[in-house]
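In: here are the coordinates; sequence isn't available:
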Ligand code: ATP
């Protein structure tokens, strides 16, 4: 018999588990030993060796290897060996860079692995779905992805979307009842849920029947799409730019070779010089360094609690001009405490902080016993009954497992001595209609000891008032309308003005025969009982983050399901709105088209009582106004808005799998301030990429120009081919990498957001590349010419001087690249990676010049002390000349 044909007891026996306690850890270990981890086989991984060899398939490297072969055939063995050595060093560098990028991407995948709630040793734990074994009891709710194949043993309006398996895009409703027949198709197995499918509604509990490759998903695992490697817009632009640069470089190289040959240089030297120059001029290392800079940036973001799921987001983050953020949990702490209770025109204040269940009840500064008031007693009891949360003690603290709003209601009831566990001895829960943020309420059907049944509903007060027809006023049933409705509204507003989140509670008796299948039947004709108001303090760091965003030209918009007045009060505390501000409510949004919203959206900083569906409209209106929008969300219904936003942000703690999968950025701590930190890092990563693009390209321009000018002026070659290769492949690489690790400039969050269509050479970068490159070329040539004219017989010495000047000029220029302003704008020792890289590049240069064994290979001659003055002077010119001109321009 298959699991779907068995009753629950038989399933429990067959899987040798216990639905009440779950599996014991010991048993879990045994089962894992026997059946392995719950994971799908991944496709073939590229081996290290293959990755290493892939470093040599680059076109220019192949040209270089061909040149080596020719050198070898012509008997120039030293040249040949030297070139091969350089290509190998370059290959290793590339290999390690890619390895690092790959590793960090893998770590990222591990971090965003889906998690599962599992019952083990009588307690519910959150574990990664990989750790689940057959026989585990797991629970899931709307927005979760099912972690293994399970037989359902409890279903509360559970609906699951199984399109990944069956192709059917409409969610299927799931039940506990036996499904007869052995060969039932997947789509008809209503009491089973399958790995990889998504809960769209309700909640449920199931017992794991198969894991890993044994699951229905595992059987078709080959159909799973592989994770795509995503290319960022900048990487794409660089790819295009690379093609243009190659053409340019080849043309210039051809020109140098042609002029050289015409001027009478020998063919072999010019050929090798041409190849070396072409290799030098083409920034083939650029894409690899960009990837490394991006992936290192992504790692830094992880340390700040932000996980980037889609690489392009790293760049888009720097362009963000609006952040639309949820309030509860993201801007506030999501640590709710009931402080005010209202019923029948009376208000009670409740003392105590956090979830500690100790506190007292006061009325107009007088302590009262909660047991003395029937209304209060009933309100607290119903709040604790229509509830899903659990209060747990952890060390000396109390924590809530479940929705904090419900947690607050549990704690308030406990302060009056009403424990949910005890209440559940008197009342049984027959059915639940779970909370969803579109309805803004939840209901339970409850039966008491005497068999009396009733519906308890709790939710947003305006919604509850809308579905109530009567009110319990000091124990008497009254029609809810006119005066009483006004009193309720006044009470709600009074609580909201104190920034309290309000929950209303209502109920209705039902007879023993009434069967309620749908929430719409339960949630009507109710009797309103009262309100509970809870504080949810703002997160302390959010106010500063909002201000920092404003300085950076980024607007913060609060989007919340909470009451307009509560939302406005909190927005004011956080500095999101100042003076007269417009709060737009969901019901107004309903009536507006996207175009109408576009007209107003710039003036609105708070959207209240909105449903997740409204978020899409808001994103679209902002995008139509030219904004780059970051939008947060956590539930299933938030997914479309998260997907449409330029940067979809989901919550690591409270977020559902659906929201996480739709998002580009996951906040591990659910904190608004983390979005700001990620934006700052995003801006920094982009600026760092600009820094090394500038450094590498200016270096290349310098290398080409020094050769070109020498040929035009009928001079000998100022650099021998092997020196050009050395400079380009060895000296340039490390400092460029170090620039990728630079810290942000002080004013990075004082600038306006970058335009998302900005080109690679925007904001003066092109000019900087050409002007610095030109000056590096000219000063290298000047150093060469000075020495060459002093002693034309010692060409190798003059070439060594040119080599040293070129290297030094680049190593000085690298400090200039750290700032948009000038080399003096930043402390040169602010980036120790760079200092280290520059020192090692300097040492490498000195080794090449002063090691006798290397001198014949690199055609170098030891430089005498006095000439270093010339080298240092010449190499400083490009950077300091332009730094000087920057200050002159600033003064005038
Ligand atoms: P956001 O996270 O978007 O800032 P929110 O969490 O306040 O807002 P919702 O969760 O949609 O938004 O809640 C909207 C309203 O529904 C709340 O103001 C509250 O009155 C009510 N509500 C929230 N949680 C529950 C719950 N578990 N049961 C009943 N009503 C709830």
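Out: All right, it came through fine. This is a predicted model, so every value here is computed, not measured.
In: C-alpha only now, for contacts and for neighbours.
Out: Fine.
In: how is the chain carved up into domains?
Out: What automatic domain parsing lists as the domains of the chain is 1-225, 246-299+680-743+757-891, 306-331+539-670, 337-535.
In: got TSV for those, with mean pLDDT, distance to residue 749 and mean neighbour count too?
Out: Shown next, in TSV, are those (pLDDT from 0 to 100; distance: least, C-alpha to C-alpha, whole Å; neighbours: other C-alpha atoms under 10 Å):
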stretch	mean pLDDT	distance to residue 749	mean neighbour count
domain 1-225	83	26	18
domain 246-299+680-743+757-891	87	7	20
domain 306-331+539-670	91	5	22
domain 337-535	93	30	19
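In: could I get these as TSV with distance to the ligand?
Out: What follows is these, written out as TSV (distance: least, C-alpha to the nearest ligand atom, whole Å):
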stretch	distance to the ligand
domain 1-225	13
domain 246-299+680-743+757-891	24
domain 306-331+539-670	3
domain 337-535	3
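In: Can you add distance to residue 236 and give these back as JSON lines?
Out: As requested, these are exported to JSON lines (distance: least, C-alpha to C-alpha, whole Å):
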{"stretch": "domain 1-225", "distance to residue 236": "18"}
{"stretch": "domain 246-299+680-743+757-891", "distance to residue 236": "10"}
{"stretch": "domain 306-331+539-670", "distance to residue 236": "10"}
{"stretch": "domain 337-535", "distance to residue 236": "40"}
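In: ends of stretch 130-139, how far apart?
Out: End-to-end span of stretch 130-139 (C-alpha to C-alpha, to the nearest Å): 15 Å.
In: Mind listing residues that contact that stretch?
Out: For stretch 130-139, contacts defined as C-alpha atoms under 8 Å, 6 or more residues apart in numbering pick out 15-17, 19, 22-23, 28, 31-32, 35, 37-39, 116-120, 147-148, 203-211.
In: 7 Å instead, please
Out: 15-17, 19, 22-23, 28, 31-32, 37-39, 116-119, 204-211 (C-alpha atoms under 7 Å, 6 or more residues apart in numbering).
In: Please list the members of the residues you listed that lie in helices.
Out: Among the contacts of stretch 130-139, the ones falling in helices (DSSP state H) are 28, 31, 32.
In: Just to be sure, which of the contacts of stretch 130-139 are found in strands?
Out: Within these, residues falling in strands by DSSP state E are 116, 117, 118, 119, 204, 205, 206, 207, 208, 209, 210.
In: Just flag the most distant two among the residues you listed.
Out: 204 and 210 (17.7 Å; C-alpha to C-alpha).
In: was I right about residue 637 contacting residue 612?
Out: Yes. Between residue 637 and residue 612 there is a contact at 5.6 Å, judged by C-alpha atoms under 7 Å.
In: Please give the element, helix or strand, for residue 126.
Out: For residue 126, the element it lies in under DSSP states H and E is strand 123-128.
In: what lines up beside that strand in the sheet?
Out: Applying DSSP bridges to the sheet, strand 123-128 is found paired with strand 115-120 (antiparallel).
In: chain center to the strand it pairs with: distance?
Out: Chain-centre distance of strand 115-120: 25 Å, with C-alpha atoms, centre = their mean, to the nearest Å.
In: Name the residues that touch it?
Out: Residues from elsewhere that reach strand 115-120, judged by C-alpha under 7 Å, 6+ apart: 21-25, 124-129, 136-140, 147.
In: go on, stretch 377-386?
Out: With contact meaning C-alpha under 7 Å, 6+ apart, stretch 377-386 is reached by 370-371, 409-410, 412-413, 418, 420, 443-444, 456, 505, 529-530.
In: Try it again at 6 Å.
Out: With C-alpha atoms under 6 Å, 6 or more residues apart in numbering as the test, stretch 377-386 has contacts from 409, 410, 413, 420, 444.
In: who's in contact with the residue most central in space within the chain?
Out: The chain has residue 665 as the residue nearest its centroid, 2.2 Å off, counting by C-alpha atoms, centre = their mean. Listed by C-alpha under 6 Å, 6+ apart, the contact set of residue 665 reads 307, 308, 309, 649.
In: tell me which of those is nearest to residue 464?
Out: Nearest to residue 464 out of the contacts of residue 665 is residue 649 (C-alpha to C-alpha; 30.8 Å).
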